[in-house]
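> need coordinates for the following:
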Amino acid sequence: MSTQILVTLPDETYRRAEHLAQLTGRNIADVLADTLDISLQPLGTTLIFGKPVAELADNDVLAAADSQMDLAQGRRFGELLDKQQAGKLGDDERPELLALVYIYQEGLLRKAQGLHEAVRRGLRKPLES
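Residues are numbered from 1 along each chain as shown. Next comes the predicted model:
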């Protein structure tokens with residue numbers, strides 16, 4: 001099943017997509033659809049967060065408070081950040097980096113929510129300042 005949408009892109013984004021379409025001999029709509037799909041695939045891992053932390057059982061709250069980014073994702077995230085800082089991040093790697101930034105931020109938020117809820121329930125002591 002597919003859903004058709006109308007999207008307005010910045011000119012530079014369109015030019016890059018058009019260039020990639022020409023290089024690969026594909027039409028631009030397919031290139032853009034694939035690029036979005038590839039960029040959003042890692043976000044599937046955040047769907048496990050369905051329930052708000054306040055509704056979780058104690059052991060799940062503690063798991064959220066102790067959660068960490070997947071080891072392979074964390075390693076790749078670090079590699080891409082290093083490449084970006086060195087000015088060597090390829091255009092084809094930018095969507096992957098953005099997806100990993102999103103995953104990292106979502107995980108960090110979930111971890112903070114888990115810690116807050118664990119302290120609220122008396123499962124953990126408050127952090128010292």
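> point to the helix or strand of this structure where mean pLDDT is at its lowest.
Every helix and strand of the chain was ranked by mean pLDDT, DSSP states H and E. The lowest is helix 28-40, at a mean of 85.
> pull out the buried positions in that helix.
Val31, Leu32, Thr35, Ser39 (16 or more other Cβ atoms under 10 Å). Placement of C-beta: from N, CA and C, glycine included.
> and those as JSON lines, adding distance to Leu6?
Formatted as JSON lines, the buried residues of helix 28-40 follow (distance: Cβ to Cβ, whole Å):
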{"residue": "Val31", "distance to Leu6": "17"}
{"residue": "Leu32", "distance to Leu6": "12"}
{"residue": "Thr35", "distance to Leu6": "17"}
{"residue": "Ser39", "distance to Leu6": "19"}
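> helices or strands up against the least confident helix or strand of the chain?
In terms of contacts (3 or more Cβ pairs under 8 Å, 6 or more residues apart in numbering; DSSP states H and E), helix 28-40 is packed against helix 11-24, helix 94-120.
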